[in-house]
Structures are given as C-alpha cells and as structure tokens.
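**Q** build me a model:
(one chain, ligands or ions: 1)
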Amino acid sequence: VNGADVVVVGGGAAGILAAWRAAVLGARVHLLEKTNRLGTKILISGGGKCNITHDGPIEEVLSAFRANEARFIRPSCYRFTNQDILDLLSERGLRVMTREDGRVFPVDQTAKDVVRILGETLRDAGVTVSYETAVRRVIVKDEEIVGVQTKAGEIACSHLVVAVGGSSYPNSGASGDGYHWMREIGHTVLPIRPALAPMELEKPLAEMSGVALRDCTLLGRGQGKKVAEWRGDLLLTHRGVSGPNALGISREVAEAMERGPATLEVDLAPGDDFSHVDGAIQSAAKDHPRRRVSQAVQHWMPESLVGTFMALHETDPECIGANLDRNARRRLTGGIKGWNLGPVSHIPLEKGEVVAGGVELSEVEPNSMRSKRIRGLYLCGEILDVAGPVGGYNLQAAWATGYVAGETAAMDALER
Ligand SMILES: Cc1cc2nc3c(=O)[nH]c(=O)nc-3n(C[C@H](O)[C@H](O)[C@H](O)COP(=O)(O)OP(=O)(O)OC[C@H]3O[C@@H](n4cnc5c(N)ncnc54)[C@H](O)[C@@H]3O)c2cc1C
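**A** Below you'll find the model as predicted:
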C-alpha cells in the first residue's frame, strides 16, 4: 500500500495497539510484520494463557518497574490503562479474571483468543497488514523519516512507528533488528542484557531437573554481596534454575556478573528462622531416634530432593535420629536456610521473557513516544529500555506505549 499516513513495523503487542489506535483516529495505516502471523510472543506468553496485564491502581503497577522506567511509561500507562486493555478485549468477548497475585488472564480462553480478537480489531479499524514483510532499514533524510526498505523495495512514509520488540526468543520474530537501525539513524541503544531469564550454574543438579521448590527465596550474590532476592517457586533444570524466582532476579545477577562472579543461594524455609528449623530437626531426632532424619528434612523440600540435598550437606541420607550429631544437624539447617547453589555460569539472553537495554529513554518523549532525534519516528514496546518483572507488566508497557505512539503518529500525520 503506498501512501499510508502511518506505517507501523512489527505486529506484536505494541505494534498492534499502535496500528489500531492510529486507524481509529482516521489514519490510513499499513502494518508490516516479518513473520506470517501477528502476536507470536503474545501466543507464548503466560505459558500460552497470556498474562494480559496486572491489576490494581496504576501507581502500584508502575512501582514494579525501576524508577526511571516507571517515570518514562507513567504518562502512557495513564493514557491507556490496565483496565483499558481489558475493556478492549472484553468488548469482543474475552472473559478475564484476576488471580490473587494481581495477574490477569483469560478465564476459559487462551492467548490464541487474545490474538484473534486483536486481529479482528485491526481488520475492523481498516488496518492493512502485510505479512512476511521484514523491514531491513529505516530511511532518513535530513533527520526526518522518508521510508523503510523491505525485500520487495522501498515503502515511502513520513510517520513511522517502530515496534519490533527486543531480542529474546528470536524464533518469535523479535531478533533485535531494530537496535541496528536505531543506532544507524543516531539513537543511543543501551547494551542488551537478559532480564527475565533462566540461569545456568557451574554445577547444575542435572539429575534433579524438573524438581520444583515451592515457596522458597532465591538470593543472588555478586562478589558475596546480596544483589537481589525473590520469593516464590524455583525450578531446577538440566543446566541450572528457572521458574519465577530465577526469572525474578536474573537481571540483577546478570548485571552483577559484569563486575565479577555471582552465586545463588536458596532459603527453603523463608518463613522460619534458623533456630526454629534447627529446633524442629533436633526435636524430630530426639522424639523418633529410630526414624530417618530425612523424614524431618522433607518438611522443607520435595521428597525426591532430600537424598541429594543431605549428601550435598555431607550427611548420610540413611542417617537416623539417634545418630545425628550437632554438626550434621547444623549443616542441614544451614542448607535449608541458605543452600549454596554455587556460581552462575551463564544467563541465556535468548531464553528470557524480555531483555533489558534498548533505545535510551531520554531520547524519546514519554508523553507522545516521539523520537527526539528523528522527525516522524515513534518508538514503543520492548525496543525501548524498559523491562518489568513477571506478572503482566511487560505486556502492559507494550500496550500502553503502543497506543500512545499510534495516537501521536496519527495526529501528527493528519495535521499535515
Ligand atoms: C515466553 C514468554 C512469555 C511471556 N509471558 C508474558 C506474560 O505472560 N505477560 C507479560 O506481560 N509479558 C510476557 N512476556 C513478555 C512480552 O511478551 C513482551 O514484553 C511483549 O510481547 C513485547 O511486545 P512488543 O510488541 O514490543 O514486541 P514483540 O511482541 O516481540 O513484537 C515484535 C514484532 O515485530 C516483528 N518484527 C521484528 N523484526 C521485524 C522486522 N525487521 N520487520 C518487520 N517486523 C519485525 C516480530 O515478528 C514481532 O511480531 C513473555 C515473553 C516471552 C518470550
């Protein structure tokens, strides 16, 4: 389509909202998507269920982000709130529910329904979508957008929304293309780091892969100093750890690893102090001298892990209460309250849910998503240096910044 008022690159959460909003305001919109479908990352989000957003007052949602990132997305999150995205989807038949922890999901539908509905909103708003149309380059003349380069040739445009995402899960289509173009046209792109990613250990417990530790605290240390902790569930994997706790501290651990070695530690009894755990093991050993100590230790971990855990803490897994000496008991208690998993060897960026880093926020106008460097350019979604925690925060940031980018692009284009 030549002659669109607004061209949007990237059909993910941010690009879809941008294209839809611009079209609703009356702009002729052309959305260019590299893959053969919309919203691949939405489809895999929340384990295929799609954690659409996070419930609660906007200030509370914002407080989950780092302060500078919250400041940047604040105007757009007020302009297009967590309730607004739910209304948009609910009006077209999505039934949603809020979990106790504030995460919002479809009730009896899935991420597929979210993407189907978003596709319908684009169709009804009259957005033209070109699939398998990867943009290769953004064309700028005299610090003003003049078009984009695709395999099939140049597409002229004066108002361009770039919503190509980050570079985790490259199979989803988001493979970091945009960073390159943004640098080329004069934007600063901050180094890309893993943010919500699993972590690999120097000595993984590969034989325990698949074991889930419920309600524990994972603590990350950089050169011995605590850098972050997260309470929830932890999954042991073939190469290290995954699950909410691992994802929750991976950004801070990745940052710490740039300064030196980082290690992980698990508190398996976050609600009990050392003396309580120690006393409980001592009483169990005293009250049941013929019983295996492992039965008491099992209180704090899955049965399948106890043997390995005791062996790692230099205690015979067959040891009975009568034979448990003070040192062994202290080792077990120490392990339950602070199990040292050892050094982190690698945090695979591509396996993360989002990446940190991206286009420097001070170069984008937070009220409008206009680039401060290039006229006619609007940026939104994960290409920006914003990364929230797990819980629907990242999609909320993408919906909101996308909405505002599309709105401003349309208004600027129609004003001309
Ligand atoms: C496994 C997983 C689970 C997740 N779960 C959740 C969750 O439950 N809740 C939550 O809030 N967040 C979740 N996230 C994060 C969330 O999906 C992202 O933050 C969000 O999708 C970012 O939106 P975006 O539109 O900026 O980028 P993307 O969704 O990545 O979209 C970018 C789009 O641009 C296209 N594109 C890329 N390059 C080009 C090009 N050169 N030309 C044309 N098109 C191009 C891509 O194909 C893609 O369609 C999850 C992420 C992953 C990977």
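**Q** pLDDT of the helix or strand that contains Asp215, averaged?
**A** Applying DSSP states H and E as the criterion places Asp215 in strand 212-222. Averaging pLDDT along strand 212-222 gives 98.
**Q** pull the CA atoms of it into CSV?
**A** The C-alpha trace of strand 212-222 is given here as CSV (Å, rounded to 0.1, in the frame of the first residue of the first chain):
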residue,chain,number,x,y,z
ALA,A,212,10.1,-27.6,41.8
LEU,A,213,10.8,-26.0,45.1
ARG,A,214,7.6,-24.3,46.3
ASP,A,215,7.6,-21.0,48.2
CYS,A,216,11.3,-20.6,48.8
THR,A,217,13.5,-17.5,48.4
LEU,A,218,16.2,-17.3,45.8
LEU,A,219,19.0,-15.0,46.6
GLY,A,220,21.6,-13.7,44.2
ARG,A,221,25.1,-12.5,45.3
GLY,A,222,27.6,-10.6,43.4
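**Q** how many residues are close by Tyr131?
**A** 13 (other CB atoms under 10 Å). Any C-beta I mention is one placed from the backbone N, CA and C, and that applies to glycine too.
**Q** again with Leu235
**A** Leu235 is flanked by 18 other residues according to other CB under 10 Å.
**Q** confirm for me that it is in contact with Ala212.
**A** Yes. Leu235 lies in contact with Ala212 (CB atoms under 8 Å); the separation is 5.2 Å.
**Q** identify the contacts common to the two.
**A** Residues touching both Leu235 and Ala212 (CB atoms under 8 Å, 6 or more residues apart in numbering) are Gly243.
**Q** for the stretch 1-150 of the chain, which spans come out with low pLDDT?
**A** 1-2 (pLDDT under 70).
**Q** how about Trp339: what's its closest non-neighbour residue?
**A** Of all residues beyond its chain neighbours, the one nearest Trp339 is Val266 (4.5 Å), with distances taken as CB to CB, 6 or more residues apart in numbering.
**Q** nope, Arg290 is what I was after
**A** Once flanking residues are discounted, Arg290 sits nearest to Ile320: 5.8 Å by CB to CB, 6+ apart.
**Q** same thing with Arg74?
**A** Leu62 (5.8 Å).
**Q** what's the pLDDT at Phe274?
**A** 97.
**Q** contact partners for the residue of the stretch 151-300 of the chain found nearest the ligand?
**A** Across the stretch 151-300 of the chain, no residue is closer to the ligand than Gly173, which sits at 2.1 Å (CB to the nearest ligand atom). Residues in contact with Gly173 (CB under 8 Å, 6+ apart) are 12, 33-35, 40-41, 165.
**Q** which one's the longest helix in this protein?
**A** Ordering each helix of the chain by length in residues (DSSP state H) puts helix 393-415 first.
**Q** helices and strands around that one, which ones?
**A** Counting contacts by 3 or more CB pairs under 8 Å, 6 or more residues apart in numbering; DSSP states H and E, helix 393-415 is packed against strand 6-9, helix 13-24, strand 53-54, helix 67-79, helix 82-90, strand 160-162, strand 377-379.
**Q** how about it, which residues are buried there?
**A** 393-410, 412-413 (16 or more other CB atoms under 10 Å).
**Q** go on, stretch 370-377?
**A** For stretch 370-377, the neighbour count (16+ other CB under 10 Å) marks 370-371, 373-374, 376-377 as buried.
**Q** so what's Ser63 closest to, chain neighbours aside?
**A** Excluding its sequence neighbours, the residue lying closest to Ser63 (CB to CB, 6+ apart) is Ala70, at 6.8 Å.
**Q** I'd say the one you found and Leu62 touch.
**A** Yes. With contact defined as CB under 8 Å, Ala70 counts as touching Leu62 (4.2 Å).
**Q** what residues does the stretch 151-300 of the chain have near the ligand?
**A** 163-165, 168-169, 172-174, 177 (CB under 6 Å from any ligand atom).
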